[in-house]
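A.B. asks: Need coordinates for the below:
(one chain, ligands or ions: 1)
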Amino acid sequence: MSRATALAHPNIALVKYWGKRDRALNLPAVPSLSVTLDGFSTTTTVSYAEGGPDRLVLGGVERGPAETAKVSRVLDLVWSGGARPAATVWSENNFPTAAGLASSSSAFAALALAAAAAAGQTIDRQRLSVIARQGSGSAARSLWGGFVEWRLGERPDGLDSHGLPLAPAGHWDLRLVVALVSDQKKAVGSTDGMTRTQESCPLYPGWVQSAPQDVEEAKAALQRRDLGALGRVMERSTNKMHATMIATEPSVRYWRPASVAALEVVEGLRAEGTAAYSTLDAGPNVKVLCGAADAERVAGALRAGVPGLLDVITLRIGGDARLLPG
Ligand code: DP6
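C.D. replies: Here you go, the predicted structure:
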């Protein structure tokens, strides 16, 4: 086969990845744990042909050499045996790109899967996760649905730093309610933000040192379906990560006034007895983790309590990345 299409869902970290121990291989400084989203997805087609440079068409727009080079790197990692033919890659997101909604996680997972199938290579998911990680770290977690750990690993070559599925989507019927504060591309990308944090934040060592315990707590809470415990560790990891970002020089601050308003709405819901917990990534959008029965109440409270939101979107837990026919 010289052409294949794959679909992957983005994931949102419940325990966050922020910082790299190896920039070239994209190895993390901390372990992390995520939930895969349904509803949002990236669909990517890879087509190999002779001659010419690699091409990347993202959202219908042909991209320049810098963005295409990251894609070429993944194509090189997938290919084995002889010179690789040039490829054209078409990719579409059904949700805002680079706005802190984890678009790079689904993008590189879908790319690795489609590239392997188009090349006729049988590569297991763990190995695809190692490859996708080198496009964007969080993509290591998007090969699988449900709840996924990204193992820190120990090996210098990074072969043991990959996603590990912990529980499928059906394990726990949770919802993630997204308060869409902005759909604009973020001013500071994750990679740059992490580099700055590592270079200048005095809180960074504490962040790295305390992360493994958060993952262990989250795994235990997941196993016993304890939303209070999972929500608390998610908020703790989120706050610690944003504290390191803010204490970086120059400061990396993704929160907007509407983000803070959404956090206060969630605190208010909790004070009234609704189990709802918030998180933010490298962007101003707030995602609220709650049980299926509470999702409507959470969405309604965000709509009523946060002026200027672009949208409130309720998502279920998504499934594995997969090849599409045709
Ligand atoms: C805040 O995976 O986008 O979303 O590896 O440099 O491409 P690179 O970074 P990326 O970072 C995601 C950071 C985060 C937290 C997380 O998803 O764990």
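
A.B. asks: Could you find the closest non-adjacent residue to Thr274?
C.D. replies: Of all residues beyond its chain neighbours, the one nearest Thr274 is Asp294 (5.3 Å), with distances taken as C-beta to C-beta, 6 or more residues apart in numbering. Glycine gets a C-beta too; all of them are placed from N, C-alpha and C.

A.B. asks: Alongside the ligand, which residues does the stretch 51-200 of the chain contribute?
C.D. replies: Ala102, Ser104, Ser136, Gly137, Ser138, Ser190, Thr191, Met194 (C-beta under 6 Å from any ligand atom).

A.B. asks: What is the burial count for the residue of the stretch 201-326 of the chain found nearest the ligand?
C.D. replies: The ligand sits closest to Asp281 of the stretch 201-326 of the chain, with a gap of 3.7 Å, by C-beta to the nearest ligand atom. When neighbours are counted by other C-beta atoms under 10 Å, Asp281 registers 25.

A.B. asks: Make 48 the starting number, not 1.
C.D. replies: Let's use 48 as the start, then, which means that last one is Asp328.

A.B. asks: Just to check, it is in contact with Ile59?
C.D. replies: Yes - applying C-beta atoms under 8 Å as the test, Asp328 and Ile59 come out as touching, 6.9 Å apart.

A.B. asks: anything in contact with each of the two?
C.D. replies: Common contact partners of Asp328 and Ile59 (C-beta atoms under 8 Å, 6 or more residues apart in numbering): Ala149, Lys334.

A.B. asks: Tell me the buried residues in the helix or strand containing Val262?
C.D. replies: Assigned by DSSP states H and E, Val262 falls within helix 251-270. Neighbour counts over helix 251-270 (16 or more other C-beta atoms under 10 Å) mark Tyr251, Trp254, Val255, Ala258, Asp261, Val262, Glu264, Ala265, Lys266, Ala268, Leu269 as buried.

A.B. asks: do stretch 291-298 as well
C.D. replies: Thr291, Met292, Ala294, Thr295.

A.B. asks: Backbone dihedrals for the first one, both of them.
C.D. replies: So that's Thr291. With angles defined as degrees, to the nearest 10, Thr291 sits at phi -70, psi -40.
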